[in-house]
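Visitor: Sequence first, then the predicted structure:
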Amino acid sequence: MIQKSDAQSLKSCIGKKIMTLTKVFSMLLCLVGSFAMAAGTTSYEKADLVATMQSTITGTITDANGVPLPGASVLVKGTTRGVAADFDGNYSVEANPGEVLVFSYTGYNSAERTVGADTVINVSLDEGLALDEVIVTGYTTETKRETTAAVSIVKAEELAAIPSGNIEQQLQGRVAGVTVLTNGQPGTTSQIRVRGFGAFGGNEPLYIVDGVPVGNTEFLNPDDIETTTVLKDAAAASIYGARAANGVVVYTTKQGARDKKTEITLNISSGITDPNSAGAPKNLNPQDMAEYTHIAYRNNAAATGTAVQYTHPQYGDQATPRFPDYLHADGQNGVFEADINLAQIQANYEADPENVFLIRPNLAGTNWYKELTRVAPLTRISLGINGGTERGRFSFGFGLQEQAGILLENDFQRYTARFNSEWDVAPWLAVGENFQVTYRSVKGGFGGNGGVDGADDESVILSAYRMPTIIPVRDEFGSFASTRAAGFNNPRNPVRQQVLNAGDDQAYAIGGFGNIYLLLTPVEGLLVRTSLGGAYGNSHNVNYGFRYLGDSEPEASNSFSEGSNYFYQWTFTNTATYERLFGRHKLKLFGGIEALNTGAGRFINGNGINPFSTDLDFQNLNVVQSPNVNSGQFKGVNFYSLFGKLDYNWDEKYYVTGVLRRDGASRFGGNNRYGTFP
């Protein structure tokens, strides 16, 4: 690959050939003051009031010469809301007065503008190529001036600005061509896609932390990150072989600095998430739902050429729908008070409280989304100790994050401790280590695979929009109400699902990650590095389900399940780098050998129904009916790789880069185990 170091040519090439358009939507953070503004209004009125504050800001992003900058990023500071400019440098973003827009583009200095009364904000960015900025690829480092690849860098302060439970979510809207998918639950795994989807399955990028490949980055504290580098094209990622086909995300944790006095930093951030600040989608109110139900009867009759018959068990048999006094009264649906014996129903409830319901219609309409969600607080505290002497450097980090989800009974906690250091043993030898311990806890989450599979499930949020608004949260006896009242299909009360079935569900994980390495400089220009790293983790989860007979499809049994697993992975890497300048010619040779296992371990899980007691302190797999136990082991994939890279530049004007890697993987047979990837 040949690249001419000419900023004007580069700018022209970008302007003609690159068009990036991404829009990232995410939940808005609402300040406490919004509560005061909306005092005395209904929930829907408050949502509309907040929404009217927001404006659509448009404009054009150019360089100092007026040339449009296609793909330039526009981000609402302190949020994940952002867009990318189109081919002509035009953008459009939603923002509130007083919020700050951050404009950025690769090779240019970023700019900030505060949103005021004007809805058009044009911005001119100054060139700031930062050609000497260091890019960390995991194996080696190089400068922007020398790279011929598509590489993006995210600064530590940009990541820390968003108080997310997962560092992956903090990349959202910050790197062109990178999309972050998340279901919003705190502590759940996000999906990162670098330049789209390249395969039917397995589109995850390769993650590298301090030179060690990892399966996920859930264990990282954002305040511990020094740099984040996204390798987006083949020229950048091919040094990692076939595993880098979907891009590479490289994280480097804070390392301290030599000859620096000890510095202690304390970061404390807190805030709230208000799920109703921007207004949730509205369901039909009871009157509208009844009328549209009757319209459906008339449309069906017209389509079939038959007489209209109104047969809904709640809305009556006349053309004008009516509402009964009780949607359900101990087995009767759509009845009036004069037609039932309330005293007898009360006696029946006292004799069989699980099976007797008395449900009045909520004619004002139940806002199920509001009932299911809450204003969720978040607190993050990080303590850092960094410094060094002329013979070494060190960095310690301790982090705490406690975050409530917007769903009832959904909480996340993470505690981290990190220790990094590097010391000179001899003038030609240094030894270093990176080590971290993380504890994570998620309560009331949903969806397997770290929460990713929640998008495929019938979640409680979906139930909130399937439940008709005429059904109240609880019936006249204080029991949860649901579709025992006939005529509303089979949704389930999402508040009951979250409070009873998910409120006691817990998932815990604790693990360690790190590596120890040696740096040797036997001769001038030659650096040899050997590193042994890996990770170990344990996790456990418990899930409880409780019998409920108030649905049209009742849950007839109590249930209990639990599971545990452990895993370990390792990586052994040896590399050598030789760099030399001959007049105008600069040569850099890099080669390495690497062996690793992607992760091996064991798991066991089981489930059963109707434990002898519903007291959580007495539930286990020994006291359930119909126990079902499953276990297994996984060996991981062993890789053995040889790789090399050549970088040459003449007078810092022309650059040539070549990469060659040969990978062997244990998942293939012995006669076809290796592949060469140039």
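Guide: Looks like it arrived, so ask away. Numbers count the residues shown, from 1 in each chain.
Visitor: Every contact and neighbour count from this point should use C-alpha atoms.
Guide: OK.
Visitor: report the longest helix in the protein, please.
Guide: When the chain is parsed with DSSP state H, its longest helix is helix 286-304.
Visitor: What is the subsequent helix or strand relative to that helix?
Guide: strand 326-329 (DSSP states H and E).
Visitor: Can you tell me the SS state at Glu350?
Guide: helix (DSSP: H, G, I helix; E, B strand; the rest coil).
Visitor: Check the gap between it and Ala343 for me.
Guide: 11 Å (C-alpha to C-alpha, to the nearest Å).
Visitor: quick one: which of the two has more around it?
Guide: Glu350 (12 against 9; other C-alpha atoms under 10 Å).
Visitor: and the gap between the more buried one and Pro678?
Guide: Distance, Glu350 to Pro678, using C-alpha to C-alpha: 76 Å.
Visitor: Quickly find the element holding Phe567.
Guide: Assigned by DSSP H and E, Phe567 falls in strand 559-582.
Visitor: how about that strand as PDB, C-alpha atoms only?
Guide: C-alpha atoms of strand 559-582 as PDB (Å, rounded to 0.1, in the frame of the first residue of the first chain):
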ATOM      1  CA  SER A 559     -40.100 -22.600  39.400                       C
ATOM      2  CA  PHE A 560     -36.500 -22.300  40.300                       C
ATOM      3  CA  SER A 561     -33.200 -22.600  38.400                       C
ATOM      4  CA  GLU A 562     -29.600 -21.900  39.000                       C
ATOM      5  CA  GLY A 563     -26.300 -22.300  37.300                       C
ATOM      6  CA  SER A 564     -22.500 -21.800  37.700                       C
ATOM      7  CA  ASN A 565     -19.500 -21.900  35.500                       C
ATOM      8  CA  TYR A 566     -15.800 -21.100  35.400                       C
ATOM      9  CA  PHE A 567     -13.400 -20.400  32.500                       C
ATOM     10  CA  TYR A 568      -9.800 -19.600  31.800                       C
ATOM     11  CA  GLN A 569      -7.900 -18.400  28.800                       C
ATOM     12  CA  TRP A 570      -4.200 -17.800  28.100                       C
ATOM     13  CA  THR A 571      -2.000 -16.000  25.600                       C
ATOM     14  CA  PHE A 572       1.800 -16.400  25.100                       C
ATOM     15  CA  THR A 573       3.200 -13.800  22.700                       C
ATOM     16  CA  ASN A 574       6.800 -13.100  21.600                       C
ATOM     17  CA  THR A 575       7.600 -10.200  19.300                       C
ATOM     18  CA  ALA A 576      10.700  -8.400  18.000                       C
ATOM     19  CA  THR A 577      10.800  -4.900  16.400                       C
ATOM     20  CA  TYR A 578      13.800  -3.400  14.600                       C
ATOM     21  CA  GLU A 579      13.700   0.200  13.500                       C
ATOM     22  CA  ARG A 580      16.500   2.000  11.600                       C
ATOM     23  CA  LEU A 581      16.900   5.300   9.700                       C
ATOM     24  CA  PHE A 582      19.200   5.400   6.700                       C
END
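Visitor: What is the burial count for Val356?
Guide: Quick note: Val356 (other C-alpha under 10 Å) scores 23 neighbours.
Visitor: any idea how far Gly334 is from it?
Guide: 15 Å.
Visitor: Check Thr304 too.
Guide: From Thr304 across to Gly334, the span is 27 Å (C-alpha to C-alpha).
Visitor: how far out from the middle of the chain is the longest helix of the chain?
Guide: 41 Å (C-alpha atoms, centre = their mean, to the nearest Å).
Visitor: Can you tell me the SS state at the spatially most distant residue from the centre of the chain?
Guide: Ranked by distance from the centre of the chain (C-alpha atoms, centre = their mean), the top residue is Ala338, with 54.1 Å. On the three-state scheme (three-state DSSP), Ala338 is labelled helix.
Visitor: who's more crowded, Thr304 and Gly334?
Guide: Between Thr304 and Gly334, counting by other C-alpha under 10 Å, Gly334 is the more crowded of the two (23 against 9).
Visitor: so Pro68 bridges to which residues?
Guide: Thr62 (DSSP bridges).
Visitor: Low-confidence ranges, this protein, go.
Guide: For the chain, applying pLDDT under 70 flags the ranges 1-53, 107, 128-133, 138, 160-165, 200-201, 278, 453-457.
Visitor: Quick check: Val356 touching Gln344?
Guide: No. Val356 lies out of contact with Gln344 (C-alpha atoms under 8 Å); the separation is 11.1 Å.
Visitor: who does the strand holding Phe567 pair up with?
Guide: strand 526-545 (antiparallel), strand 585-609 (antiparallel).
Visitor: which one of those strands lies closest to Gly71?
Guide: Nearest to Gly71, of all the strands paired with strand 559-582, is strand 585-609, at 32.3 Å by C-alpha to C-alpha.
Visitor: what residues are up against Gln506?
Guide: Gln506 makes contact with 441-445, 541-543, according to C-alpha atoms under 8 Å, 6 or more residues apart in numbering.
Visitor: Please apply the same query to Asn538.
Guide: 509-511, 564-567.
Visitor: Show me what Asn108 bridges to in the sheet.
Guide: No Asn there; residue 108 is Tyr. Bridge pairing for Tyr108 - DSSP bridges - gives Glu127.
Visitor: Touching, it and Ser124? I think so.
Guide: No. Counting by C-alpha under 8 Å, Tyr108 does not reach Ser124; the two are 10.0 Å apart.
Visitor: which of those two has more neighbours?
Guide: Using other C-alpha under 10 Å as the criterion, Tyr108 and Ser124 rank with Ser124 on top: 20 against 17.
Visitor: In three-state terms, how would that one be classified?
Guide: Here Ser124 is strand, with the state taken from three-state DSSP.
Visitor: my read: it touches Asp63, true?
Guide: Yes. Assessed by C-alpha under 8 Å, Ser124 is found in contact with Asp63 at 5.1 Å.
Visitor: Residues that sit against both of those two, list them.
Guide: By C-alpha under 8 Å, 6+ apart, no residue touches both Ser124 and Asp63.
Visitor: coming back round to it: can you redo the strands paired with strand 559-582 as JSON lines, where the extra columns are distance to Thr188?
Guide: Shown next, in JSON lines, are these (distance: least, C-alpha to C-alpha, whole Å):
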{"stretch": "strand 526-545", "distance to Thr188": "14"}
{"stretch": "strand 585-609", "distance to Thr188": "20"}
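Visitor: can you tell which of those strands is closest to Tyr207?
Guide: strand 585-609 (11.7 Å).
Visitor: buried ones in the closest one?
Guide: Using 16 or more other C-alpha atoms under 10 Å as the burial criterion, the residues of strand 585-609 that qualify are 586-588, 590-601, 603, 605-609.
Visitor: roughly how far apart are the spatially most central residue of the chain and Leu462?
Guide: By C-alpha atoms, centre = their mean, the chain has its centre lying nearest to Ser190, at 3.3 Å. Ser190 is 20 Å from Leu462, where distance means C-alpha to C-alpha.
Visitor: Also Gly658?
Guide: Per C-alpha to C-alpha, Gly658 is found 51 Å from Leu462.
Visitor: now do Phe412
Guide: Taking C-alpha to C-alpha, one finds Phe412 at 22 Å from Leu462.
Visitor: Please name the residues that touch Thr575.
Guide: Thr575 neighbours (C-alpha under 8 Å, 6+ apart): 139, 528-530, 590-593.
Visitor: Closest one to Phe197 out of the contacts of Asn538, please.
Guide: Nearest to Phe197, judged by C-alpha to C-alpha, of the contacts of Asn538 is Phe567 at 28.5 Å.
Visitor: The closest one contacts Gly534, doesn't it?
Guide: No. Look at Phe567 against Gly534 with C-alpha under 8 Å: they stay out of range, at 10.7 Å.
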